[in-house]
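# Let me see the structure of the following:
(2 chains)
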Amino acid sequence: KQEVTQIPAALSVPEGENLVLNCSFTDSAIYNLQWFRQDPGKGLTSLLLIQSSQREQTSGRLNASLDKSSGRSTLYIAASQPGDSATYLCAVMRTGANSKLTFGKGITLSVRP
Amino acid sequence: DVKVTQSSRYLVKRTGEKVFLECVQDMDHENMFWYRQDPGLGLRLIYFSYDVKMKEKGDIPEGYSVSREKKERFSLILESASTNQTSMYLCASSYAYYGYTFGSGTRLTIV
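Predicted structure coming up:
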């Protein structure tokens, strides 16, 4: 059974800092890994999708990497801003899982002005 | 961009009522999903559907049913609402093994 872990559960950083959010998963047989952002009381917004054949994806100040063999992904946020404050979730789609995602519980990020 | 629309942002219903949550997507995705999200428990899959009239139970299907009569619409039904079904409900859709798109969520309160 696939398990996805995100540690720590919460993180507080000063504005302008570069930061890394970690995600680990137990089964390396995956189709893809997806990072989401969730603002309080809202739905999930997709940030980056990495297919299993890829090593990283970039969008603006965000860069996500994937190391399947070690079961790890990182989301790098450059020059953090207060508007980046949200909960960040990673999710993996395991092969043979009928397109179902397994989610981590998320990291709640607070960027202090 | 794919759009997933959930019919209500906030909903208050009474115990014992039959409750319908509607979800519509506009990009011809074959897969649709219903999750509930609770503090400390994360997202839990209730039901999913991989084609019209096809459905499969997720991790917590008890007390719920679903309907998918048309490809674009996936409805979640609470047969007899109970207070422990108070939660945030999230709908998502996807194509094959590509990424998910989520709706904005429905905050359901059962009183």
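# switch to C-alpha atoms for all contacts and neighbour counts from now on
OK.
# Tell me if I'm right that B:Thr109 and B:Val12 touch.
Yes. Contact criterion C-alpha atoms under 8 Å: B:Thr109 and B:Val12 qualify, at 4.8 Å.
# Specify which residue of the two has the higher count of neighbours.
Ranked by neighbour count (other C-alpha atoms under 10 Å in any protein chain shown), B:Thr109 and B:Val12 place B:Thr109 first, with 19 against 12.
# and the more buried one, what are its phi and psi?
For B:Thr109, the backbone dihedrals (degrees, to the nearest 10) come out as phi -120, psi 130.
# just A:Gly83 next, same as before
Dihedral angles (degrees, to the nearest 10) for A:Gly83: phi -70, psi -10.
# Could you pull up the residues touching it?
The contact partners of A:Gly83, by C-alpha atoms under 8 Å, 6 or more residues apart in numbering or on different chains, come to A:Val111.
# same check, this time on B:Arg68
B:Arg68 touches B:Ser49, B:Asp51, B:Val52, B:Lys53, B:Met54, B:Lys55, B:Phe74, B:Ser75, counting by C-alpha under 8 Å, 6+ apart.
# quick one: which of the residues you listed has the most company?
Of the contacts of B:Arg68, with other C-alpha under 10 Å as the count, B:Phe74 tops at 29 neighbours.
# Report the secondary structure state of the residue of chain B found nearest chain A.
Using C-alpha to the nearest C-alpha, the closest approach of chain B to chain A is made by B:Ser104 at 4.0 Å. At B:Ser104 the chain is in coil, as set by DSSP: H, G, I helix; E, B strand; the rest coil.
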